[in-house]
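1. Got a sequence here, can you build the structure:
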Amino acid sequence: MEPARAEEVAHRSLQIGRILLGSGSDTGQVRSAMTSFASAFDCEAHLMVSYEALLLTVVADNQFRTKIGYRIPAMNVNMALVAAVTNLVGKVEQRQIDLGKSGEELDRIEHLPPVYGRWAVIIAIGLTAGSLARLFGSDWATFWVSWVAGSLGMWLRQILGRLRFNLFLIPFAGALTGGLIGGVAVRMGLSNTPALCLVAPGMIIVPGVPLVNGVQDIIKNHVTMGLARLGLGLVITLAIAFGLIIATGLTGATIPVEATQYLLSVPEDALFSALAAVGYLLLFNVPVRVAWAGVVCGLASHTIRTLCLHLGIDIISGTLIGALAVGFLAQRFARYFAAPAVAFAFPGVVAMVPGAFAFRAVIGALKIIHEGAATNVALVNETIALAMSCVLMVGAIAIGIAVPLAVREPSG
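-> Residues are numbered from 1 along each chain as shown. All right, here's what the predicted structure looks like:
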């Protein structure tokens, strides 16, 4: 193989990895796509993935060529790009397009505009915040307040993102804005469920995809990348929690560590689970042609978990069962649409990510620090239980969707 051709294969393979890594793919998916692309052009690819860079060695005709891809974009979620790259790799494997054409197509994919307009995303994310509040048992006033607070928080996050603000300042500012609106509503007596009025706008910001991807990476033995994703998710969650805590301090409203679990009826839960999924579908830029399947996955996951709770099954097991159902559904939809299964799985499970549990655990920890040796034992026990519930639920979600998706996804 000519050196220039091997250089181009390495360059385009790194471009594939950069797009996928920045769009919500786990390390296994990135590795599979890059090696499949290189193999289609008779090159053997050896890849090392880190949070800062991709290190790729391409072997062709007993010659080695190593390249490093440094410019890794922020870890966002863009399922339209994931689907487009997955489809392209499938065409390359089937010899439908050559190296030059695939390079042109990758350049086009990398600069694709969002599928949905910014105001559609803002309104839909507000609807998701209100729906999550209802799923946790809020009254209708809290539903509307959460919708407004969630939308305004999303609007601010979009502005700060365009201005290239710090990665952790953006969710902090979004949570602070939503918390202030919720806190003012509580102080005005507009809500009978004040805790949800404060927390719901923050729940939509919880980095569910990095947390789930982190656990999946560790399960698949990509430990370094998995720990990096989990660390990122944890710090973002702390930033959100601190934003909510400052909002409570400024408004005088409070978020209790203890909370009574409230269950909707199964039909009502199904309705609001589907509505909650809509916002994530738009936020994750899921292609329009497959969006309805994402709604089905979102409806299935949370509704099955709620049904399990009605039947007396604990929330950890219910979360695992709901995630397994989504994993199998996502795999079936992936085969039907010839699209990556994660395009359906992630919007389907994010509503089950225990954001409210995490916030209450952080608040409990801060109270323990403040009270010191005089801390009530019940507060310590509740905080530990909340923290352990968070860990186990995130693990259950990751394992639940990883088991069905262990089957090789369609390439195109």
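2. Which parts of the stretch 251-400 of the chain are helices?
-> Ranges of helices in the stretch 251-400 of the chain, per DSSP state H, counting those that start in this stretch, are 266-283, 288-310, 315-337, 342-349, 355-371, 377-405.
3. Quick one: list the elements packing against the helix or strand where Ile123 lies.
-> Taking DSSP states H and E as the criterion, Ile123 maps to helix 118-135. Secondary-structure packing of helix 118-135 (3 or more C-beta pairs under 8 Å, 6 or more residues apart in numbering; DSSP states H and E): helix 140-162, helix 194-203, helix 266-283. Heads up, the C-betas are built off the backbone N, CA and C, glycines and all.
4. Tell me the buried residues in the first one?
-> Right, helix 140-162. By 16 or more other C-beta atoms under 10 Å, the buried positions in helix 140-162 come out as 141-158, 160.
5. Also stretch 167-183?
-> 170-183.
6. Give me the contact list for it.
-> Residues outside stretch 167-183 that contact it (C-beta atoms under 8 Å, 6 or more residues apart in numbering): 74, 129, 145-146, 148-150, 152-154, 156-157, 160-161, 165, 191, 197-202, 205, 207, 235-236, 239-244, 246-248, 250-253.
7. Need phi/psi at Asn192.
-> phi -90, psi 0 (degrees, to the nearest 10).
8. Which pLDDT value goes with the closest residue to Leu152 other than its chain neighbours?
-> Excluding its sequence neighbours, the residue lying closest to Leu152 (C-beta to C-beta, 6 or more residues apart in numbering) is Thr177, at 5.9 Å. Predicted confidence (pLDDT) for Thr177: 95.
9. Doesn't Thr177 lie inside a strand?
-> No. Judged by DSSP: H, G, I helix; E, B strand; the rest coil, Thr177 forms no part of a strand; its state is helix.
10. sorry, back to before: reformat the buried residues of stretch 167-183 as a markdown table; add distance to Cys308.
-> Formatted as a markdown table, the buried residues of stretch 167-183 follow (distance: C-beta to C-beta, whole Å):
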| residue | distance to Cys308 |
| --- | --- |
| Ile170 | 35 |
| Pro171 | 30 |
| Phe172 | 34 |
| Ala173 | 36 |
| Gly174 | 31 |
| Ala175 | 30 |
| Leu176 | 35 |
| Thr177 | 35 |
| Gly178 | 30 |
| Gly179 | 31 |
| Leu180 | 36 |
| Ile181 | 33 |
| Gly182 | 29 |
| Gly183 | 33 |
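11. Now do stretch 114-134, average pLDDT.
-> Rounded mean pLDDT across stretch 114-134 is 95.
12. cool, stretch 312-327 as well?
-> For stretch 312-327, the per-residue pLDDT averages 95.
13. contacting residues around the residue positioned nearest the centre of the chain?
-> By C-alpha atoms, centre = their mean, the chain has its centre lying nearest to Val209, at 2.3 Å. Val209 makes contacts with 24, 77, 284, 346, 350, as judged by C-beta under 8 Å, 6+ apart.
14. give me the element Val58 is part of.
-> According to DSSP H and E, Val58 maps onto strand 54-60.
15. Who are the packing partners of that strand?
-> helix 3-21, strand 44-49, strand 63-69.
16. got the buried residues for it?
-> So, applying 16+ other C-beta under 10 Å, buried residues of strand 54-60: 54, 56, 58-60.
17. Then stretch 357-374?
-> Neighbour-count burial for stretch 357-374 [16+ other C-beta under 10 Å]: 357-365, 367-368.
18. still on that earlier bit, just put the helices and strands packed on helix 118-135 in a markdown table and tack on distance to Phe328 and mean pLDDT.
-> Shown next, in a markdown table, are these (distance: least, C-beta to C-beta, whole Å; pLDDT from 0 to 100):
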| stretch | distance to Phe328 | mean pLDDT |
| --- | --- | --- |
| helix 140-162 | 30 | 95 |
| helix 194-203 | 26 | 86 |
| helix 266-283 | 17 | 94 |
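19. and these as JSON lines, adding distance to Gly318?
-> Formatted as JSON lines, these follow (distance: least, C-beta to C-beta, whole Å):
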{"stretch": "helix 140-162", "distance to Gly318": "23"}
{"stretch": "helix 194-203", "distance to Gly318": "18"}
{"stretch": "helix 266-283", "distance to Gly318": "12"}
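20. Of all the ones you listed, which one is nearest Glu2?
-> helix 140-162 (41.9 Å; C-beta to C-beta).
21. so who does Gly226 touch?
-> Gly226 touches 27, 213-219, counting by C-beta under 8 Å, 6+ apart.
22. rerun at 7 Å
-> 214-215, 217-218 (C-beta atoms under 7 Å, 6 or more residues apart in numbering).
23. Any stretches of this protein with poor pLDDT?
-> Within the chain, the segments meeting pLDDT under 70 span 1, 70-75, 405-412.
24. Tyr262 versus the residue nearest to the centre of the chain, what's the distance?
-> 27 Å (C-beta to C-beta, to the nearest Å).
25. Next: Ser25.
-> Distance from Ser25 to Tyr262, by C-beta to C-beta: 36 Å.
26. higher neighbour count, those two?
-> Using other C-beta atoms under 10 Å as the criterion, Ser25 and Tyr262 rank with Ser25 on top: 28 against 12.
27. Could you find the closest non-adjacent residue to the more buried one?
-> In space, Ser25 comes closest to Val82 once its chain neighbours are excluded; the distance is 5.7 Å by C-beta to C-beta, 6+ apart.
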